[in-house]
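>>> show me the folded form of this:
(one chain, ligands or ions: 1)
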Amino acid sequence: MTTYEELMNMAKEASKNAYSPYSKFSVGACVLTESGNTYKGCNFENASYGLCICAERNAVGTAIANGDREIKAIAIYSPNVDDCTPCGACRQVIYEFKAADGTDVITEVMGELVVHTIDELLPGGFSL
Ligand code: THU
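Here you go, the predicted model:
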């Protein structure tokens, strides 16, 4: 069983692979699915700025590509800021793949883990 501390360590590892020459803002994320698997992602930017992909959506997309759709938790880390919560677009994407018991969103503040939930971060998220 992966602990949230281990999940955050994987997000930190992923942040080292960030490709962010334009913003100089590195982000790593790691998804934990109900099946117990983990999937890392980092942000990667493009000279055509609007094509930048966030770490969270990269990690979620990798989980989906592996047939794992129930997100129990996602850890997010940036060496640039504390409490790196997901942007609005990523909140909606995480919301789509919420586990039955909800999804925890783990960040770090001054070296301590903080557990948010996707329902707190995106009240009234859109679903069909
Ligand atoms: N970014 C993420 O990867 N996740 C977030 O939650 C916020 C922003 C990325 C996008 C872009 O590459 C850089 O950080 C600056 O916005």
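>>> what does this structure have sitting close to the ligand?
By CB under 6 Å from any ligand atom, the part of the chain that sits against the ligand consists of 20, 23, 25, 27, 43, 45, 52, 54-56, 84, 86-87, 90. Backbone N, C-alpha and C define where each C-beta goes, glycine included.
>>> and those residues, which are buried?
20, 27, 43, 45, 54-56, 84, 86, 90 (16 or more other CB atoms under 10 Å).
>>> which stretch of helix or strand covers R69?
Per DSSP states H and E: R69 is located in neither a helix nor a strand.
>>> same question, L32
strand 28-33.
>>> next SSE after that strand?
Next in line after strand 28-33, if elements are assigned by DSSP H and E, sits strand 38-42.
>>> where does this structure dip in pLDDT?
Along the chain, segments meeting pLDDT under 70 are nowhere present.
>>> what segments of it are helices?
4-15, 55-65, 88-96, 118-121 (DSSP state H).
>>> of all these, which one is nearest I106?
Among the helices of the chain, the nearest to I106 by CB to CB is helix 4-15 (5.1 Å).
>>> most packed of the helices of the chain?
Among the helices of the chain, ranked by average contacts under mean count of other CB atoms under 10 Å, first place goes to helix 55-65 (a mean of 22).
>>> kindly provide the distance from T3 to C30.
With distances taken as CB to CB, to the nearest Å, T3 is found 12 Å from C30.
>>> quick one, which of these two is more surrounded?
C30 (30 against 10; other CB atoms under 10 Å).
>>> ok, the more buried one touching A59?
Yes - counting by CB atoms under 8 Å, C30 touches A59, with 6.1 Å between them.
>>> any shared contact partners between these two?
14, 39-41, 74 (CB atoms under 8 Å, 6 or more residues apart in numbering).
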